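> When you get a sec, could you give me coordinates for this:
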Amino acid sequence: MAWQAAWAGLLGLAGLTICAQADVTFDCEQGKNNWKEGWSDKKKEYCCQTASIGCENNEDPPAPPPPPPPAVPPVQVSTGSAAPVRKLQGPQRKEDGMPYEVHEYENPDHHIDAWRERHLSTMKATQHHHTRGSWLYGQLGTAEGVKDPVSCANACEERNDCYHWMFHVTGHHCGLAHDHGFPGEDAGDWIHGHSKRYLNKPQTAGGVASEL
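Residues are numbered from 1 along each chain as shown. Take a look at the predicted model:
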């Protein structure tokens, strides 16, 4: 009977050990920010079951990817050509004040047309005669330092022998002419005008100032 008592004693001790282990608790708030490295497996298991902390399948989600860069607007391309097209929004200047280059337009004539119309528009606020084209023959020379059509017309008015002025719309230089010659309206890269002394001359039967 002694051996039965011995076995009963051993079983009793084992039961107490199991109960003691089952009653072990952990503070799941302590060290939760470093649970993955700092907790034992038993604490992870306990806190996962009781507080949903320390669960191996409950890791922090990865950071979201950075937002994509802003979309670049597509370059308008002319039909049948791979060259970029600058839509003409009226005459414009670059930041340094210079006109765009001819190759920056789809059609080189757009460059000339844009600048001609721009310079003609500046003349509308003046009392100077102005129109498209150049004045052929009878040139007096170039007005030095003149870079706009209004100043070109003024330079002609200041000279008693000047009857016509002409301004190159892209080269920005001014030419002056005697009371001789005739207009060349086909010169699309020029604008020109008559001085007041020309317009105040006696008119012929055809309504044109007489040529001397």
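> show me where pLDDT drops low in the protein?
When residues are selected by pLDDT under 70, those of the chain lie in 1-23, 58-63, 71-111, 203-212.
> would you list every one of the strands in it?
If you assign secondary structure with DSSP state E, the strands in the chain sit at 131-132, 134-136, 139-143, 164-168, 174-177, 182-184, 190-194.
> Tell me which of those lies nearest to residue 70.
In this view, those are compared for proximity to residue 70 by Cβ to Cβ, and strand 164-168 is the closest at 41.8 Å. Any C-beta I mention is one placed from the backbone N, CA and C, and that applies to glycine too.
> Mind listing residues that contact that closest one?
Contact with strand 164-168 is made by 119, 134-135, 138, 143, 148-149, 152-153, 155-156, 173-179, 181, 189-195, 198, as judged by Cβ atoms under 8 Å, 6 or more residues apart in numbering.
> swap in stretch 125-141?
By Cβ under 8 Å, 6+ apart, the surrounding residues in contact with stretch 125-141 are 116, 120, 123, 149-150, 153-154, 157, 159, 161-166, 175-188, 190-195, 199.
> Give me the buried positions along that stretch.
Using 16 or more other Cβ atoms under 10 Å as the test for burial, stretch 125-141 gives 128, 129, 130, 132, 133, 134, 135, 136, 138, 140.
> So the first one versus residue 137, what's the distance?
The one in question is residue 128. As for residue 128, its distance to residue 137 is 21 Å (criterion: Cβ to Cβ, to the nearest Å).
> circling back to that earlier point, could you dump the buried residues of stretch 125-141 to CSV with distance to residue 47?
Output for the buried residues of stretch 125-141, formatted as CSV (distance: Cβ to Cβ, whole Å):
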residue, distance to residue 47
128, 92
129, 95
130, 90
132, 89
133, 92
134, 93
135, 97
136, 99
138, 103
140, 100
